[in-house]
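1. Below is the sequence, then the predicted model.
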Amino acid sequence: MALLSPAGATTPPAPPLAYYGQDNGSLPPPHRRSFSADIRTDGTATIRRCRGYGEDACVEEVITLPDGAMKAIIAAVRDSGLAATPARKNDRPPIGGKGDWGRVWLNGEELALPRSPDPADAARVRAVLDTIKGAIPEQARARLRDALAALPKE
């Protein structure tokens with residue numbers, strides 16, 4: 001795995017605030033891509049992009065989120081009502097295709113953002129996922145895409 005920024009921190013990482021995952025579905029390994037972001041309460045995030053299904057073709061970078069991103073995520077979670085009424089999974093999920101999912105931690109409680117939420121919960125889940133995804137600067141995502149493209153292909 002290639003690391004774009006050195007891991008020089010000796011203190012433990014801050015507690016998690018959100019996790020975002022995305023992939024382009026079940027494809028042959030050379031064509032599969034995934035992206036994830038582990039966002040912490042100190043405003044940093046470890047973002048990662050991979051090709052295939054293993055750990056051999058991955059790049060990651062630790063970034064600082066833009067001002068206001070943390071507040072936007074917390075507001076989206078609160079506005080969604082997911083803490084009071086958690087999202088349910090769709091009992092008839094679609095088969096195949098790209099998707100995204102995640103988790104958030106609010107007041108010590110972990111809330112799931114399922115890949116295939118129940119249709120009644122889909123808009124609430126989508127609003128939070130879109131806010132988390134929007135917190136990751138496109139420039140950082142582009143650096144990972146470029147770094148992954150530069151890795152040797154198997």
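-> Received it, and whenever you're ready, just let me know what you need. Numbers count the residues shown, from 1 in each chain.

2. and Ala120, what does it touch?
-> Residues near Ala120 by Cβ atoms under 8 Å, 6 or more residues apart in numbering: Arg88. Just so you know, the C-beta spots here come from the backbone N, C-alpha and C atoms, and that holds for glycine as well.

3. Let's see that with 7 Å instead.
-> Residues counted as contacts of Ala120 (Cβ atoms under 7 Å, 6 or more residues apart in numbering): none.

4. Please read off the pLDDT at it from the model.
-> We note a pLDDT of 95 for Ala120 in this prediction.

5. now Asn24
-> As summarised for this prediction, Asn24 has a pLDDT of 89.

6. any idea how far the most centrally placed residue in the chain is from Ala140?
-> Centroid-nearest residue in the chain: Tyr20, 1.7 Å away (criterion: Cα atoms, centre = their mean). Remark: distance between Tyr20 and Ala140 (Cβ to Cβ, to the nearest Å) = 13 Å.

7. what does Pro28 give?
-> Taking Cβ to Cβ, one finds Pro28 at 27 Å from Ala140.

8. Between the two, which has more neighbouring residues?
-> Ala140 (18 against 8; other Cβ atoms under 10 Å).

9. circling back: which residues touch the residue nearest to the centre of the chain?
-> Ser36, Ala37, Asp100, Gly102, Leu129, Ile132, Lys133.

10. ok, the first one to Ala135 distance?
-> With distances taken as Cβ to Cβ, Ser36 is found 13 Å from Ala135.

11. Strands of the protein, start to end?
-> Using DSSP state E, the strands of the chain run over 2-3, 16-23, 33-40, 44-51, 58-64, 99-106, 109-113.

12. for the fifth one, packing partners?
-> Contact analysis of strand 58-64 by 3 or more Cβ pairs under 7 Å, 6 or more residues apart in numbering; DSSP states H and E lists strand 44-51, helix 138-150 as its packing neighbours.

13. what would these look like in TSV with distance to Glu61 and mean pLDDT?
-> As requested, these are exported to TSV (distance: least, Cβ to Cβ, whole Å; pLDDT from 0 to 100):
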stretch	distance to Glu61	mean pLDDT
strand 44-51	6	94
helix 138-150	6	93
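
14. Would you tell me which one of the ones you listed is buried the most?
-> Using mean count of other Cβ atoms under 10 Å, the stretch among the helices and strands packed on strand 58-64 with the largest mean neighbour count is strand 44-51, at a mean of 21.
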